[in-house]
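> Give me the fold of what follows.
(one chain, ligands or ions: 1)
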Amino acid sequence: MEKLVINGGRKLFGKIDISGAKNAAVAILPAAIMASQGVAVIDNIPEIEDVQCIERIIESLNCKIIKGKNSVSIDSTAINSVCANTDDVRRMRASYYLIGALLGRFKQANVALPGGCSIGVRPIDQHIKGFEALGAHVTIEHGVVSAKAEKLVGANIFFDVVSVGATINVMLAAALAEGTTVLENVAKEPHVVDVANFLNTMGANIKGAGTDVIRIVGVKELKGCNYSVIPDQIEAGTYMIAAAACGGEVEVGNIIPKHMESISAKLMEMGAEVIENEDSIIVRANGRLKGVNVKTLPYPGFPTDVQQPMTTLLSVSHGRSIVNESIWESRFKFVDELKKMGANIKVEGRTAIIDGVSQLTGAVLKATDLRAGAAMVIAGLMAEGVTEVTCIDHVDRGYPHIEEKFKMLGADIRRVKTEDC
Ligand code: EPZ
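Purely as a prediction, here's the structure:
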């Protein structure tokens with residue numbers, strides 16, 4: 001076990017580069033196993049535990065994986081199993097993409113129900129609705145989702161909720177179905193577009209990703225290709241918020257500024273200076289910012305995955321802020337940890353009412369989930385005194401080398417071994 005020890009109160013200065021997007025990579029890697037010919041070489045892969053986990057799962061299906069520095073090549077021509085039922089599969093959320101990928105290629109998949117962060121009820125009814133509409137028979141028994149079809153046939157599917165996972169999963173299966181599939185009320189997140197682009201590079205025929213309607217003309221087979229994963233919108237947002245919280249001047253590099261618009265706009269509304277360059281954003285701040293109201297929404301709205309860092313920043317901003325979490329009902333659990341540092345936050349259901357205090361004070365905190373962990377690191381960086389963040393295995397699932405990146409910005413942060421957690 002490891003923890004992060006942070007000596008807070010330093011301003012942040014300098015430049016860091018953002019890694020490849022976790023939520024794109026963990027979908028693109030399962031999508032790669034749909035290639036029945038050739039090798040998929042994927043670049044800009046983030047060095048995080050969730051990626052390693054999905055790589056182990058893919059290897060267990062008899063895919064050959066060669067790892068390079070931030071890249072991976074996957075040869076899935078000799079895949080010999082449609083069953084994924086290991087602890088790794090049960091541990092992470094994105095393992096559910098194996099259902100769509102295996103069903104698409106082999107018309108059969110037996111995959112254990114996924115795990116992931118404990119942030120609310122996480123049903124997969126929309127994934128199942130999509131697979132069934134394509135002609136699959138889907139059952140769940142003994143914790144395993146089994147999907148089987150004689151053949152998959154394109155269909156019109158209107159999702160009841162906007163779901164990243166269901167959009168991608170059904171898109172995977174439909175890429176190798178017979179005929180045309182039209183998906184409506186789909187998610188428009190940058191990683192949805194990235195997965196569609198990857199599938200198209202493998203030979204799929206998908207149009208409309210990034211809009212409300214995706215149209216997929218099924219093809220007979222997919223082939224290996226070279227591809228580079230987009231930068232991580234959420235990692236970038238986390239560092240932008242950290243810069244605004246600690247003060248100073250930080251250039252967040254290797255990003256697509258367009259993906260950051262909802263976050264940039266909120267930071268500017270709060271009084272931070274945000275300068276957009278071609279592939280980087282500079283955030284400048286000095287002193288306490290102004291409290292604002294935030295509502296999390298599907299893209300292009302304010303992302304739920306940076307709600308916790310944002311709530312942390314608002315805990316020291318002037319006046320009252322209201323944060324409404326419309327995606328995950330349990331994403332305010334971390335607020336109890338912030339209260340140990342002196343934050344004044346009242347949570348009522350999906351709403352947090354934040355009365356900004358002038359400063360947080362260091363404390364021992366437990367990361368309760370991935371983004372909560374990142375939020376606690378930000379809290380520690382801006383607090384007076386020493387903060388310890390335990391259970392950072394949650395943070396390592398999604399943030400590559402977090403302490404090294406913050407050190408490059410001048411933070412006093414180190415990783416130490418611990419018995420806790
Ligand atoms: C993805 O989760 C991300 N995970 C999450 O990021 C992110 O918070 C979420 O999308 C929303 O942006 C990955 O990409 C691996 P959803 P996902 O299906 O796909 C409801 C992080 O911190 N819903 O878009 O599981 C659901 O309950 C993680 O990196 C159904 O009702 O989320 C939720 O309220 C955490 N039925 C809403 O839709 C379904 O079948 C959005 O969920 C599916 C979802």
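> drop to CA atoms for contacts and neighbour counts, all remaining ones
Will do.
> Enumerate every residue touching residue 21.
Residue 21 makes contacts with 45, 46, 191, 229, 230, 231, 232, 233, 234, 235, as judged by Cα atoms under 8 Å, 6 or more residues apart in numbering.
> so residue 242 sits right up against residue 378, yeah?
Yes - counting by Cα atoms under 8 Å, residue 378 is a contact partner of residue 242 at 5.6 Å.
> Share the number of residues neighbouring the nearest residue in space to residue 94 that is not next to it in sequence, please.
Nearest residue to residue 94, sequence neighbours excluded (Cα to Cα, 6 or more residues apart in numbering): residue 26, at 6.0 Å. Other residues near residue 26 come to 25 when the count uses other Cα atoms under 10 Å.
> So which bits of stretch 174-182 are buried?
Under the neighbour-count criterion of 16 or more other Cα atoms under 10 Å, stretch 174-182 has 174, 175, 176, 177, 178, 180, 181, 182 buried.
> Quick check, pLDDT for residue 17.
On pLDDT, residue 17 comes in at 98.
> Can you list phi and psi of it for me?
Residue 17 adopts backbone torsions of phi -100, psi 140, taken as degrees, to the nearest 10.
> ditto for residue 214
When quoted as degrees, to the nearest 10, the phi and psi of residue 214 stand at phi -110, psi 130.
> beta partners for it?
Residues in a beta bridge with residue 214, per DSSP bridges, are residue 183.
> contacting residues for it?
By Cα under 8 Å, 6+ apart, the contact set of residue 214 is 182, 183, 184, 186, 206, 207, 208.
> any idea how far the ligand is from residue 407?
For residue 407, the distance to the ligand equals 23 Å [Cα to the nearest ligand atom, to the nearest Å].
> so which of the contacts of residue 214 also contact the ligand?
Among the contacts of residue 214, no residue is within reach of the ligand (Cα under 6 Å from any ligand atom).
> which of those residues tops the neighbour count?
In terms of neighbours by other Cα under 10 Å, the contacts of residue 214 top out with residue 186 at 26 neighbours.
> Is it correct that that residue is in contact with residue 165?
No - between residue 186 and residue 165 there is no contact under Cα under 8 Å: 9.9 Å.
> Then residue 130 would be within a helix, right?
Yes - counting by DSSP: H, G, I helix; E, B strand; the rest coil, residue 130 is part of a helix.
> OK, contacts around the closest residue to it other than its chain neighbours?
Distances taken as Cα to Cα, 6+ apart place residue 170 nearest to residue 130, at 5.7 Å, with adjacent residues excluded. Residue 170 sits next to 100, 127, 130, 131 when contact means Cα under 8 Å, 6+ apart.
> ok, back up a step: farthest pair in the contacts of residue 21?
Across the contacts of residue 21, the longest distance by Cα to Cα is 14.8 Å; it joins 45 and 234.
> what about those two, which has more around it?
Neighbour tally, residue 45 and residue 234, criterion other Cα under 10 Å: the higher count belongs to residue 45, 26 against 23.
> In terms of helices and strands, where is the more buried one?
Using DSSP states H and E, residue 45 falls within no helix or strand.
> That one: what's it in contact with?
Shown in contact with residue 45 (Cα under 8 Å, 6+ apart): 19, 20, 21, 22, 25, 51, 70, 71, 72, 228, 229.
> Now render the buried residues of stretch 174-182 as JSON lines, adding secondary structure, pLDDT and distance to residue 123.
Below are those laid out as JSON lines (DSSP: H, G, I helix; E, B strand; the rest coil; pLDDT from 0 to 100; distance: Cα to Cα, whole Å):
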{"residue": "174", "secondary structure": "helix", "pLDDT": "98", "distance to residue 123": "21"}
{"residue": "175", "secondary structure": "helix", "pLDDT": "98", "distance to residue 123": "23"}
{"residue": "176", "secondary structure": "coil", "pLDDT": "98", "distance to residue 123": "25"}
{"residue": "177", "secondary structure": "coil", "pLDDT": "98", "distance to residue 123": "24"}
{"residue": "178", "secondary structure": "strand", "pLDDT": "98", "distance to residue 123": "28"}
{"residue": "180", "secondary structure": "strand", "pLDDT": "98", "distance to residue 123": "26"}
{"residue": "181", "secondary structure": "strand", "pLDDT": "98", "distance to residue 123": "23"}
{"residue": "182", "secondary structure": "strand", "pLDDT": "98", "distance to residue 123": "22"}
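> Which pair in those residues has the greatest spatial separation?
The span of those, defined through Cα to Cα, is set by 176 and 182 at 13.6 Å.
> follow-up on the earlier one: what do residue 242 and residue 378 both touch?
Common neighbours of residue 242 and residue 378 (Cα under 8 Å, 6+ apart) are residue 309.
> follow-up on the earlier one: hmm, residue 52 and the residue nearest to residue 94 touching each other?
No - using Cα under 8 Å as the test, residue 26 is too far from residue 52 to be in contact (9.4 Å).
> For the most far-flung residue of the chain relative to its centre, which non-adjacent residue is closest in space?
For the chain, the largest distance from the centre (Cα atoms, centre = their mean) belongs to residue 150, which lies 33.6 Å off. In this structure, residue 150 finds its nearest non-sequential neighbour in residue 107, 6.9 Å apart by Cα to Cα, 6+ apart.
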